[in-house]
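> fold the following for me, if possible:
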Amino acid sequence: MRRSGEPPAAAPPPELGERVRGRRERAARVGAPHLVPTWFVWDGESLYFYQVHPSRTFRMLSLKGGASREIAPWSFSRQFQAAVEPREGTVVYSSVENGELQQSRFRDLKTGSEYQFPFALYEQRFSRDGRLIAGESRGHEVVVCERESSRCRALTSKHDRALTALAWSGDGRRLLFLRYTSARVWGELTSVGVEGGPLQTHGRVGPFEREFQMWMDVSPRDEVVFPICREGPHELWAARLR
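Predicted structure coming up:
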């Protein structure tokens with residue numbers, strides 16, 4: 001596994017930099033505060049995100065141009081961690097009430113109809129072929145489920161520390177996940193085979209200033225990307241109230 005974000009880091013290819021800059025410029029068209037942007041790994045041309053203001057919605061933005069459009073009137077705190085399977089037009093999210101996981105739900109993007117998944121999960125991620133869903137159980141196990149049969153099986157034992165990120169490997173044979181260490185500013189990157197078996201530890205990722213910043217993702221080429229967090233200046237601001 002190659003890890004990105006840990007200095008010293010190799011400079012990205014020029015064409016990759018141009019694509020990232022282009023995405024950033026297009027995403028700026030949204031013109032409102034937004035959270036947790038993510039795009040398909042299949043075509044890289046559509047960006048999904050939660051909008052905070054003026055209304056709380058889950059939205060899609062085509063990076064080819066045009067305005068964003070609402071997918072559903074969802075907020076990040078209640079319709080948590082929505083993941084999109086674009087080829088079949090399906091979204092799965094964690095339904096949360098008062099900070100507690102209630103259920104996992106699927107939504108058909110064409111009809112707007114929803115149904116409950118039999119197993120409640122956090123951190124849901126579709127496999128690259130869309131057949132499987134990985135997630136985290138209430139007991140912080142890594143779980144993989146078949147979409148058609150809804151059969152789920154735990155790949156790891158229960159744990160007292162929650163996952164902070166979950167991702168599929170490039171070949172779809174392993175699941176990589178992140179948990180914070182006892183120091184809490186570092187995460188331990190681990191993987192497990194989709195068919196089960198021993199865990200493999202890939203080392204620490206970080207440092208992070210806060211637990212909510214502890215995140216990573218994996219590219220189709222098995223590149224692990226994560227943010228480097230550095231504390232900003234301590235400043236006191238004054239404002240005149242009108």
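
> look up how far Y50 lies from Q79.
9 Å (CB to CB, to the nearest Å). Placement of C-beta: from N, CA and C, glycine included.

> what sits in contact with each of those two?
Counting by CB atoms under 8 Å, 6 or more residues apart in numbering, the shared contacts of Q79 and Y50 are F58.

> any idea how far W237 is from A162?
Per CB to CB, W237 is found 34 Å from A162.

> neighbour-wise, which of the two wins?
A162 (14 against 4; other CB atoms under 10 Å).

> these two touch, right, the more buried one and R179?
Yes. At 7.2 Å, A162 counts as touching R179 under the criterion of CB atoms under 8 Å.

> next one: Q124 relative to V143, how far apart?
Taking CB to CB, one finds Q124 at 10 Å from V143.

> between those two, what contacts are shared?
Contacts common to Q124 and V143, judged by CB under 8 Å, 6+ apart, are A134, G135.

> residues touching stretch 115-125, excluding its own?
By CB under 8 Å, 6+ apart, stretch 115-125 touches 80-81, 83, 92-94, 101-106, 133-138, 143, 145, 150, 152, 162-163, 165-168, 177.

> roughly how far apart are R174 and G196?
From R174 over to G196 (counting by CB to CB), the distance is 11 Å.

> no wait, K158
Distance from K158 to G196, by CB to CB: 15 Å.

> where does this structure dip in pLDDT?
Within the chain, the stretches with pLDDT under 70 are 1-44, 86, 211-212, 229, 242.

> need the helices for it, in chain order.
14-27 (DSSP state H).

> and stretch 100-107, what's buried?
For stretch 100-107, burial by neighbour count (16 or more other CB atoms under 10 Å) applies to L101, S104, R105, F106, R107.

> and stretch 62-72, by the same measure?
Buried, per 16+ other CB under 10 Å, within stretch 62-72: L63, S68, I71.

> my read: the first one touches L47, true?
Yes. Because the distance of 6.1 Å satisfies CB under 8 Å, L63 is recorded as touching L47.
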